[in-house]
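# Using only what follows, build the 3D model:
(2 chains)
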Amino acid sequence: MASTGVGLKETTAFRRGIVNGKQLTAKDREALMQAYLPLEPADSSDPSRSSSPAPRKKQNMRTKPTPTKRKVGIVRNALHVVIYVVVSFLFSVFFRFRRSWRLVTSKIVSLLKYHHRTPEFIQRDTKHLERLPQHLSVILDFHESDEDLGNAGLEGLVNDVCEIAAWTASAGIPFLSVYERTGKLKNYIQQTHSSISQTLEAYFGPRRKPSLSVRAPHLQSYSPPLTPPTRPVSSDSNGASAEPQHLTVLLLSAEDGRDTMIDLTKTLSDMAQNGTLHPEQVNSNLIDAELREAVCTDPDLLVLFSPTVVLNGYPPWQLRLTEIFHLPDNKGVNYQVFLRSLYNYAKVEMRLGR
Amino acid sequence: MDSLHNSRIRKWFAESPPVTWGVRQLRELLIGALKQGPIPQHVAFVMDGNRRFARDHHIETVEGHNLGFEALARILEVCYKTGVKVVTIYAFSIENFKRSKHEVDALMKMAKVKLEQLSEHGALLDRYGASIRILGQRNLVKPDVLAAVDKAVAMTAHNKRAILNVCFPYTSRDEITSAVRTTVETYSTPLGSQSLPLKRPFSETHITQHIRQQMLNTVPEEVSEQMASRSASPSSPKENGHSAEGEHSSAASTAINSSDKDESNSALASFRDPESITAETLTDHMLTAGAPPLDLLVRTSGVQRLSDFMLWQCHEKTSIVFLECLWPEFDLWQFLPVLIEWQWQRRKLHEQERGRSRHIVL
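Purely as a prediction, here's the structure:
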């Protein structure tokens, strides 16, 4: 433990409160602390410390620093700047290298683990997982401009949603919520539905395609009537896949976070003003039930495709016990992140090249 | 995996005076260097991994918590020396009461002892300029611990330079719920007509008076004009009666109006308008009210969950960092890369924003 920079005597004193077999008094402790204390605060104008007379005296002594002391201060300051520049330069080089390294490895992994747009491949990847989330949530970004990733604009966003929905359905997860801050997708629920169902058809084929409903909070669920069920055929061929799968896609936006919470507070205040509710009746169960109904249940797993974890206004209440996954330095939606998040959720090491 | 008991020589070397002195100087130097860049104003820590650390090193759970407290002291030193304004730590969750009684009692005792020790050094605390605040459900804490807590809080309350928020029976949902509840309470308590929150430079009574006066002035004139045009022969008692009537009616009408107004005031405006509730209203009712927005949230021990901590505060722009190391191992050497990466990201963000604004300008 060389890292702490604290001596043996101090450490034991700190842990046990005993030095040389006798109990420390408050004074002893202060004496021990002397070496570790920060300098007197430089701003003597601080009103908070005018109350204590003892530091005052010392401060007065410090107000007239000798020239050597001042010189030491300047040198120290310059040293700090130099070290700061050097350290931040070294780290920025390191961060860049690390990002390239991670990019390369993730490219290799995504070559090794490609889904080939067939659910069987995805099922093979995920079927040995003991624990699958029942409610998967993803955060996507709306890109104004194309940064050579090919996912700009609404089209790119819908493409991402379609792919993720297909993977989710293939892995057998029944509920997917897609968070996108601006909520642009909510205006195109119908179009999103048709795009996703096309993608699902491309993955599963027209016969085994899971049924799909797309909805957003406060908006009507969009699930057009299903094509006549082909159950007899499928149950004949394979008993396991007889049950038709269903996927629900929920579109969330920043409105469903704080704003919904504020709307709830407004409604509760209204009720309290009318006398239909007593403020004491507001408890977490009530809020939880209301938000559960208005927005969604708590997601089990939240997957970020961004390089760092920044939640960008994701509904806060629902995040309580959600597992948050992100791949450092990753940029853009890809299957590898999805798969890794599921492995991470199931606490399984991802092995490559079996 | 080296246990705490072996590697004696290394330990002896590490604890010899010159080495500790050197390490300390190095720490000071690095902290001083860090200060040159942007520094997060508000940092939160989830101190996770004390129990696993104890299990891994075959020591008692309570001992693990003690080591965790040491790590906390070290980190706080780093934070305040670099210039972080607010540090929020997740010390004890309401859910933690479900743990074994032995452990809960030991944790409570530790909190009490440490806070009591802290209270003995008022002058030294002033040197750090940090005030302690306890966030959470006070009624769940035993009275003796609460006394120690209150003493420490009162002792440091005058310090303004930095704040240490200790979340001590705390869960974020509980915090949000009580924020909503207090908001509902403030909006459902009728306001006295004297204590209207809005203070405009105009008084309503003055305005009604003014209107009344205007009516008094105009109505008789009209009446008299009408009178003059209608009947050339002015009969003074008639006119007097008329003007009196006019005056009376106008007075009555304003009186009725004003009384109507008063009634509607007392019926409607005695409550604050719920539509005026905003995110800021709720934020101000959170336990961290007044603190700068959370810049950085660090969770140790590799668990990638928020576990009901700072949900309201961290879901906007906070950088959330999950570290693999356990909390008792957490020190400057683990925190330094996190801080530098944060600084780096911050700089990149600034560059991007600047670039974007330049685009817009062009």
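# how many other residues sit next to B:Val298?
23 (other CB atoms under 10 Å in any protein chain shown). C-betas here are computed from N, CA, C, even on glycine.
# Name the SS class of it, please.
Three-state assignment for B:Val298 (DSSP: H, G, I helix; E, B strand; the rest coil): strand.
# Would you check that it makes contact with B:Met47?
No. Contact criterion CB atoms under 8 Å: B:Val298 and B:Met47 do not qualify, at 9.5 Å.
# What is the burial count for A:Val72?
Using other CB under 10 Å: A:Val72 sits among 12 other residues.
# Give me the three-state assignment for it.
Following three-state DSSP, A:Val72 is assigned to helix.
# What confidence value was assigned to it?
You'll see A:Val72 listed with a pLDDT of 83.
# Starting from chain A, give me the distance back to B:Gln36.
4 Å (CB to the nearest CB, to the nearest Å).
# Let me see the backbone angles for that residue.
phi -70, psi -20 (degrees, to the nearest 10).
# Am I right that it is in contact with A:His80?
Yes. Applying CB under 8 Å as the test, B:Gln36 and A:His80 come out as touching, 5.7 Å apart.
# wait, doesn't A:Ala346 sit right on A:Pro133?
No. Between A:Ala346 and A:Pro133 there is no contact, the gap being 9.1 Å when judged by CB under 8 Å.
# Look at the two and report which has more neighbours.
A:Pro133 (24 against 15).
# quick one, what contacts the more buried one?
Contacts for A:Pro133 (CB atoms under 8 Å, 6 or more residues apart in numbering or on different chains) come out as A:Ile173, A:Pro299, A:Asp300, A:Leu301, A:Glu323, A:Leu342, A:Tyr345.
# Name the nearest residue to it, sequence neighbours excluded.
A:Asp300 (3.6 Å; CB to CB, 6 or more residues apart in numbering or on different chains).
# Kindly tell me how buried that neighbour is, as a neighbour count.
If we define neighbours as other CB under 10 Å, then A:Asp300 has 18 of them.
# Let me see the contact set for it.
A:Pro133, A:Gln134, A:His135, A:Leu136, A:Thr322, A:Glu323, A:Tyr345.
# and the third one, bridged to which residues?
Same thing as A:His135. Beta-bridge pairing for A:His135 (DSSP bridges): A:Phe175.
# Tell me where the chain is predicted with low confidence.
Assuming you mean chain A. Scanning chain A for pLDDT under 70 picks out the ranges A:1-27, A:29-30, A:32-66, A:146-151, A:224-243, A:348-354.
# wrong chain, I was asking about chain B
Looking at chain B by pLDDT under 70, you get B:1-6, B:192-203, B:218-269, B:359-362.
# quick one: the helices in it?
Along chain B, the stretches classed as helices by DSSP state H are B:8-14, B:17-34, B:50-56, B:61-82, B:101-119, B:122-128, B:143-156, B:172-188, B:204-230, B:236-264, B:279-285, B:311-314, B:332-361.
# now stretch A:198-208, how far from the chain's geometric center?
31 Å (CA atoms, centre = their mean, to the nearest Å).
# same question but for stretch A:333-351, I mixed them up
The answer for stretch A:333-351 is 15 Å, by CA atoms, centre = their mean.
# Break down chain A into its strands, ranges please.
A:18-19, A:22-23, A:135-140, A:175-180, A:211-215, A:246-252, A:301-304, A:323-326 (DSSP state E).
# List the buried residues of the last one.
Buried positions in strand A:323-326, judged by neighbour count with 16 or more other CB atoms under 10 Å in any protein chain shown: A:Glu323, A:Ile324, A:Phe325, A:His326.
# Please apply the same query to the longest one.
The neighbour-count check on strand A:246-252 (16+ other CB under 10 Å) flags A:Leu247, A:Thr248, A:Val249, A:Leu250, A:Leu251, A:Leu252 as buried.
# can you tell me which residues contact the closest residue to the first one other than its chain neighbours?
Once flanking residues are discounted, A:Leu247 sits nearest to A:Ala169: 4.6 Å by CB to CB, 6+ apart. Contacts were defined as CB under 8 Å, 6+ apart; by that measure A:Ala169 touches A:Pro119, A:Leu200, A:Tyr203, A:Phe204, A:Pro210, A:Gln245, A:Leu247.
# now do 10 Å
A:119, A:122, A:176, A:196, A:199-200, A:203-204, A:209-212, A:245-247, A:249 (CB atoms under 10 Å, 6 or more residues apart in numbering or on different chains).
# Quick check on those residues: which are buried?
A:119, A:122, A:176, A:196, A:199-200, A:203-204, A:209-212, A:245, A:247, A:249.
# so which residue of the stretch 101-250 of chain B comes closest to chain A?
B:Ser188 (3.4 Å; CB to the nearest CB).
# How many neighbouring residues does that residue have?
B:Ser188 - counted by other CB under 10 Å - has 21 other residues nearby.
# Mind jotting down where the helices sit in the stretch 251-354 of chain A?
For the stretch 251-354 of chain A, applying DSSP state H, counting those that start in this stretch gives helices covering A:258-274, A:284-294, A:335-345.
# Can you say which of those helices is nearest to chain B?
helix A:258-274 (3.4 Å).
# buried stuff in that closest one?
Those would be A:258, A:260-266, A:268-273, for helix A:258-274 by 16+ other CB under 10 Å.
# same deal with stretch B:277-292?
B:Ile277, B:Thr281, B:Leu282, B:Thr283, B:His285, B:Met286, B:Leu287, B:Thr288, B:Ala291.
# Does the second one touch B:Glu275 like I think?
No. The pair B:Thr281 and B:Glu275 does not pass the contact test of CB atoms under 10 Å, sitting 11.0 Å apart.
# ok, back up a step: okay, the helices of the stretch 251-354 of chain A in TSV with distance to chain B next?
Shown next, in TSV, are the helices of the stretch 251-354 of chain A (distance: least, CB to the nearest CB, whole Å):
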stretch	distance to chain B
helix A:258-274	3
helix A:284-294	4
helix A:335-345	8
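# Distance to A:Val72 added to those helices, as CSV?
Below are the helices of the stretch 251-354 of chain A laid out as CSV (distance: least, CB to CB, whole Å):
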stretch, distance to A:Val72
helix A:258-274, 50
helix A:284-294, 56
helix A:335-345, 51
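# between these, which one is nearest to A:Arg99?
helix A:335-345 (15.1 Å; CB to CB).
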